[in-house]
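Undergrad: Build me a model:
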Amino acid sequence: MTLLSEQLKAKRIDAGLSQEALAERLNVGVYLIQAIEEGKTDPHQAFSKSKISSWYTLPNNSEFSSGHQSLLLPISLISKLFILSIILFIFSIFYHLYNDAIKLDRAVLITVLACAVIGRRNKSIFFTCTLYALTLAPNDIMFSALLNSENFTFNAIIYILTLLVIPLLKNNTIKFLVLCHFLVNIGLESWWYITEYDSPKIAWFTWITLSNLATIYFLKTKEYILFKKHRTISELRFYDKVYFYFSNLLLVMTTLCSLEYGVRHIIGYEVFIFYFGYWIINLAFSIIFITLIIDAIIRDKLWK
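TA: The predicted structure follows:
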């Protein structure tokens with residue numbers, strides 16, 4: 001253990017904070033706090049100067065009265081709500097001007113890329129923003145390709161790729177969800193082919209399923225890719241957790257959307273619950289994700 005590690009540990013203890021509380025305050029994984037205090041990781045390599053300064057200048061527990069704590073705790077929440085309100089305002093103006101889901105997705109993509117550039121000094125922020133951007137861009141391209149294609153080439157490629165991916169999945173729950181989605185879509189596509197029905201582009205939802213499988217994989221392996229450390233999802237940063245659980249939710253939503261298409265185009269019952277729910281959830285996640293990223297950038301002062 002180095003002198004700096006001992007000093008930082010002493011500062012945390014004097015402030016009356018647990019390692020988990022300090023990790024939450026600095027918006028980092030608790031494992032980094034543990035590694036630094038044990039002398040296994042150099043603080044200057046793990047953290048930016050602003051984070052080290054924030055840790056080193058923690059007030060003593062005696063200076064932290066209950067009144068101070070009650071005032072300080074909501075500050076981060078207030079900043080997030082303020083950022084959220086600004087983003088909602090901007091997106092609402094954009095939506096009313098264009099009322100176009102594709103253009104709205106592209107606006108999200110540009111915003112996420114801007115966040116990646118501004119926050120590039122923080123490897124975690126840069127990685128997650130880049131991952132999200134690399135998900136959005138191919139989705140946009142594939143949606144346009146499926147929308148403008150009359151042949152089954154794209155559909156066949158997507159379904160064959162899904163069939164190859166299923167045996168590789170290690171998580172039984174995820175494997176079950178993807179298998180259910182595959183069977184539902186293949187069943188619907190087969191029925192529409194047999195009845196010579198002009199089928200809707202439900203292969204799009206299968207593509208989204210594959211995209212989210214890739215996202216889940218990279219979020220799970222993120223810490224190893226960046227820091228050569230194996231960590232659980234619970235030890236990831238908050239914006240990573242939100243992204244991870246959102247990707248898992250979409251594995252369910254895509255199947256429900258396909259089933260709903262079947263109800264509309266086979267039974268003839270006009271229902272749009274999951275159709276609209278899917279886009280609402282996507283937009284809500286994009287706004288929350290950008291809010292969390294901007295909040296992290298502001299607290300780390302990464303624009304300087």
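Undergrad: alpha carbons only for contacts and neighbour counts from here, please
TA: OK.
Undergrad: In contact with Val184, which residues?
TA: Thr255, Ser258, Leu259 (C-alpha atoms under 8 Å, 6 or more residues apart in numbering).
Undergrad: The helix or strand hosting the first one: what's the following helix or strand?
TA: It stands for Thr255. Thr255 belongs to helix 238-262 when assigned by DSSP states H and E. Next helix or strand after helix 238-262 toward the C-terminus (DSSP H and E): helix 273-300.
Undergrad: Just want the angle from that next one to helix 238-262.
TA: Using axes from the mean of the first three to the mean of the last three C-alpha atoms, to 10 degrees, the inter-axis angle of helix 273-300 relative to helix 238-262 is 170 degrees.
Undergrad: Could I get the buried residue list for helix 273-300?
TA: Across helix 273-300, burial judged by 16 or more other C-alpha atoms under 10 Å covers 274-275, 278, 281-283, 285-297, 299-300.
Undergrad: got it, and stretch 183-203?
TA: Result for stretch 183-203 [16+ other C-alpha under 10 Å]: buried residues Val184, Asn185, Leu188, Glu189, Trp192, Ser199, Pro200, Lys201, Ile202, Ala203.
Undergrad: packing partners for the helix holding Thr255?
TA: Under the contact criterion of 3 or more C-alpha pairs under 8 Å, 6 or more residues apart in numbering; DSSP states H and E, helix 238-262 touches helix 172-194, helix 203-220, helix 273-300.
Undergrad: Which among the ones you listed is found nearest to Leu84?
TA: Smallest distance to Leu84 across these (C-alpha to C-alpha): 5.5 Å, for helix 273-300.
Undergrad: my guess is Ile83 meets Ile293, correct?
TA: No. Using C-alpha atoms under 8 Å, Ile83 is not in contact with Ile293, being 10.2 Å away.
Undergrad: and Tyr197, helix, strand or coil?
TA: coil (DSSP: H, G, I helix; E, B strand; the rest coil).
Undergrad: scratch that, Ala145
TA: Ala145 is classified as helix under three-state DSSP.
Undergrad: what number of residues lie near it?
TA: Look at Ala145: counted by other C-alpha atoms under 10 Å, it has 13 neighbours.
Undergrad: contacting residues for it?
TA: Ala145 makes contact with Phe154 under the criterion C-alpha under 8 Å, 6+ apart.
Undergrad: circling back to that earlier point, of the helices and strands packed on helix 238-262, which is nearest Leu8?
TA: Set against Leu8 and scored by C-alpha to C-alpha, the helices and strands packed on helix 238-262 come closest in helix 273-300, at 18.2 Å.
Undergrad: can you give me the offset of the closest one from its chain's centre?
TA: Centroid displacement of helix 273-300 relative to its chain, using C-alpha atoms, centre = their mean, to the nearest Å, is 8 Å.
Undergrad: what is the mean pLDDT for it?
TA: On average, the pLDDT along helix 273-300 is 87.
Undergrad: And stretch 168-185, what's buried?
TA: Within stretch 168-185, the residues that qualify as buried by neighbour count (16+ other C-alpha under 10 Å) are Ile174, Lys175, Leu177, Val178, Leu179, His181, Phe182, Val184, Asn185.
Undergrad: Could you check how far the fifth one is from Leu169?
TA: Spelled out, that is Leu179. Using C-alpha to C-alpha, to the nearest Å, Leu179 is found at 10 Å from Leu169.
Undergrad: How about the last one?
TA: Counting by C-alpha to C-alpha, the separation of Asn185 from Leu169 is 19 Å.
Undergrad: Leu183 too?
TA: Note on Leu183: its distance to Leu169, by C-alpha to C-alpha, is 16 Å.
Undergrad: How many residues are close by Tyr217?
TA: By other C-alpha under 10 Å, the residues close to Tyr217 number 12.
Undergrad: sorry, back to before: and the angle for the helix holding Thr255 with helix 203-220?
TA: For helix 238-262 against helix 203-220, the angle by the same axes, to 10 degrees is 160 degrees.
Undergrad: Just the buried residues of helix 238-262, please?
TA: By 16+ other C-alpha under 10 Å, the buried positions in helix 238-262 come out as 238-241, 243-244, 246-248, 250-262.
Undergrad: CA atoms of stretch 275-289 as PDB?
TA: In PDB, the C-alpha atoms belonging to stretch 275-289 read as follows (Å, rounded to 0.1, in the frame of the first residue of the first chain):
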ATOM      1  CA  TYR A 275     -45.900  -1.100 -31.100                       C
ATOM      2  CA  PHE A 276     -46.200   2.300 -29.400                       C
ATOM      3  CA  GLY A 277     -44.800   1.000 -26.100                       C
ATOM      4  CA  TYR A 278     -41.600  -0.100 -27.900                       C
ATOM      5  CA  TRP A 279     -40.900   3.400 -29.300                       C
ATOM      6  CA  ILE A 280     -41.800   5.100 -26.000                       C
ATOM      7  CA  ILE A 281     -39.400   2.900 -24.100                       C
ATOM      8  CA  ASN A 282     -36.700   3.500 -26.600                       C
ATOM      9  CA  LEU A 283     -37.100   7.300 -26.500                       C
ATOM     10  CA  ALA A 284     -37.300   7.300 -22.700                       C
ATOM     11  CA  PHE A 285     -34.100   5.200 -22.400                       C
ATOM     12  CA  SER A 286     -32.300   7.500 -24.900                       C
ATOM     13  CA  ILE A 287     -33.300  10.600 -22.800                       C
ATOM     14  CA  ILE A 288     -32.300   9.000 -19.500                       C
ATOM     15  CA  PHE A 289     -29.100   7.600 -20.900                       C
END
